[in-house]
Each structure stands twice: as C-alpha cells, then as structure tokens.
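In: build the 3D model from these lines:
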Amino acid sequence: MKKMIAFLALSFVVAPAFAEKNCEELKSEISAKLEAKGVKGYTLDIIATEEVKDQKIVGSCEVGKKKITYKKD
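Out: Numbering: from 1, shown residues only. This next block holds a predicted model:
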C-alpha cells in the first residue's frame, strides 16, 4: 500500500515534465491557432523567462525556462 501511494505521489510530480512540449512544436501550434482565427501580421518569439519584460506571453516551454511571446507587426 505504501509503495502504491508513493508511486501515485511521484506520478503527479513527474507527469507534467513528460507532458511539457518542445518550444518549436508549441510555437507552431500557437501559430496554427492564430492563423485559423484569421490573425495576420504577427511575430512569435521564444525567449528565456528572465528576458521577458512587457511582452505578451502566449506560451511556456522547457518546464517554464522559456516563454513564447506575441507581437503584432
């Protein structure tokens, strides 16, 4: 029983790390959603979290180490 509880607790900690998407993959998915909504003239950039200033964040990747930002051209 203790092993099962430990396994379940560990799975809640480890599962999100495995679910984390590759930055380029996530950027492509966001771009596809924007284009499907008819959004034109924008730029998506992948930047380190500590470099974010006043940019609009539309995604997070690499376990929060990088952010995907949106800028209207």
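In: use CA for all of it now, contacts and neighbours both
Out: Noted.
In: can you report how many residues lie near residue 27?
Out: Residues near residue 27, counting by other CA atoms under 10 Å, number 22.
In: for residue 28, give me its contacts.
Out: Residue 28 makes no contacts at all, as judged by CA atoms under 8 Å, 6 or more residues apart in numbering.
In: did I read that right, it in a strand?
Out: No. Counting by DSSP: H, G, I helix; E, B strand; the rest coil, residue 28 is not found in a strand; it is helix.
In: tell me how far it lies from residue 54.
Out: Remark: distance between residue 28 and residue 54 (CA to CA, to the nearest Å) = 22 Å.
In: cool, residue 35 as well?
Out: The gap separating residue 35 from residue 54 is 24 Å, by CA to CA.
In: now swap in residue 66 and tell me
Out: From residue 66 to residue 54 the distance is 15 Å (CA to CA).
In: looking at these two, which is more packed in?
Out: Counted by other CA under 10 Å, residue 66 and residue 54 do not tie: residue 66 has more neighbours, with 19 against 7.
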